[in-house]
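Participant: Turn this into a model:
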Amino acid sequence: MSHLLKSSALRMGLFLATGVVMLSTSAHAQSLPAFVNKWKNHYCGSGQCVALGHEWARATGQDVPTHAYAYQFGYTNPTGWRWITNTPKGVPSPGDLVIWGCKPSAGLPYGHIAVFSSGNTNSFMSFDQNWPLSTPCHLQNHNYNYVIGWLHRK
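Facilitator: Purely as a prediction, here's the structure:
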């Protein structure tokens with residue numbers, strides 16, 4: 001197992017065991033469970049998935065640039081974040097911003113963005129808004145279909 005995968009698995013195990021992940025030493029940083037509790041069953045900003053992505057990024061102490069569509073976050077390296085391309089053996093870490101590509105035939109004309117909570121190489125749970133359409137913030141199960149990668153907080 002590569003160092004990156006071991007590190008990701010360790011962080012995921014730590015999150016699952018303790019229920020707390022802190023992604024910044026900033027005084028404004030918020031734990032993922034506290035963020036989920038704050039927004040669960042509520043709409044964040046515009047109600048679009050990108051609004052939730054921005055709110056989580058701000059909660060970690062480092063916002064991401066604004067994009068009109070979720071898929072535009074892919075393959076970028078915003079300040080304080082690192083892009084990781086999805087691979088069959090890759091697993092995001094809790095708090096990573098998972099990005100789906102643009103796939104109109106699959107109902108993803110603008111892609112999607114969500115906050116990774118837990119998972120493995122086959123499926124995962126993330127904190128989503130507007131998946132399915134018009135839903136408030138909630139935990140959602142996914143597979144990796146159309147996931148192009150994720151932004152990991154440095």
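Participant: ranges for the strands of the chain?
Facilitator: Listed in chain order, the strands of the chain (DSSP state E) span 81-85, 97-100, 112-119, 123-128, 138-143, 147-153.
Participant: hey, C-alpha coordinates of the fifth one in PDB?
Facilitator: The C-alpha atoms that make up strand 138-143 are tabulated as PDB, following Å, rounded to 0.1, in the frame of the first residue of the first chain:
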ATOM      1  CA  HIS A 138     -27.600  15.700   4.200                       C
ATOM      2  CA  LEU A 139     -25.300  12.700   4.300                       C
ATOM      3  CA  GLN A 140     -25.500  10.800   1.000                       C
ATOM      4  CA  ASN A 141     -24.100   7.400  -0.100                       C
ATOM      5  CA  HIS A 142     -22.300   7.400  -3.500                       C
ATOM      6  CA  ASN A 143     -20.200   5.200  -5.700                       C
END
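Participant: Counting by contacts, list what it packs against.
Facilitator: strand 112-119, strand 123-128 (3 or more CB pairs under 8 Å, 6 or more residues apart in numbering; DSSP states H and E). Every residue, glycine included, has its C-beta placed from N, CA and C.
Participant: The fourth one now?
Facilitator: Other elements packing on strand 123-128 under the criterion 3+ CB pairs under 8 Å, 6+ apart are helix 32-39, helix 49-60, strand 112-119, strand 138-143.
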